[in-house]
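In: Provided below for reference: sequence and predicted model.
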Amino acid sequence: MTQTSTLHPSTHLLNSLGFTLNYARALLTDVSEDQFAHLPMEGFNHPAFCYGHLACYPTRMLAFLGQESQSLELPFDSTLFDSSAKCVEQDGRYPPMPVIVDAFFSGHERLVEVLPTVSPDVFSQPIGLEGRIAEMFPRIGDAIDFMSGNHMMMHLGQVSMWRRAMGLGPCM
């Protein structure tokens, strides 16, 4: 008789998130400060906007997990990066590249530290919100899975296309 071990619900998330964060690092290879918030054409989101937007999500995920006290304070106004905000050419509104990039990685690294410490039953609890978000993500684990995976890759895909438009080519 073989024994099966029960994996913590965060195990698969952490594996996927590790690959995604490595991709996020690779996308920044050879991106300079003066390029970071440049729009090569209308309709793009530049890396400053994408990384700034994604830097806001670890706080949300930690709150869903009941771990608000583990959140890191953002060093910028998150409304600059709301889903309703328009990405524009750098006009002084966006923080410098190191500030945005550090907030992105620090927040996600904190999430990586905290996820395995969360009680497994938290992931299957109802999201506790109403409306569209509750329809899309009925359980806390559903929201964490989307925000740490699909949502991040959607925006990193935008950075990949931006790289090509900037003449930087693929990062991998």
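Out: The structure has been received and is ready for your questions.

In: now M41. Nearest residue, chain neighbours left out?
Out: Among residues not flanking M41 along the chain, A165 sits closest, at 6.3 Å (Cβ to Cβ, 6 or more residues apart in numbering). C-beta coordinates here come from the backbone N, C-alpha and C atoms, glycine included.

In: I should have written I133 there, sorry.
Out: I127 (6.7 Å).

In: so the residue nearest to M41 sits against H38, correct?
Out: No: counting by Cβ atoms under 8 Å, A165 stays clear of H38, with 9.8 Å between them.

In: who has more neighbours, these two?
Out: H38 (17 against 13; other Cβ atoms under 10 Å).

In: surely the more buried one meets H46?
Out: Yes: with contact defined as Cβ under 8 Å, H38 and H46 form a contacting pair (6.0 Å).

In: quick one: low-confidence parts of this structure?
Out: Along the chain, the parts satisfying pLDDT under 70 run over 1-5.

In: what's the distance between the residue nearest the centre of it and E135?
Out: What sits nearest the mean C-alpha location of the chain, by Cα atoms, centre = their mean, is L54, with 3.6 Å. Distance of L54 to E135, computed by Cβ to Cβ, to the nearest Å: 23 Å.

In: so what's P95 up against?
Out: By Cβ atoms under 8 Å, 6 or more residues apart in numbering, the contact set of P95 is A48, G52, P75, F76.

In: ok, how many other residues are close to E113?
Out: Neighbours around E113, by other Cβ under 10 Å: 10.

In: for the one helix or strand it maps to, buried residues please.
Out: Using DSSP states H and E, E113 maps to helix 97-114. Neighbour counts over helix 97-114 (16 or more other Cβ atoms under 10 Å) mark 97, 99-105, 107-108, 110-112, 114 as buried.
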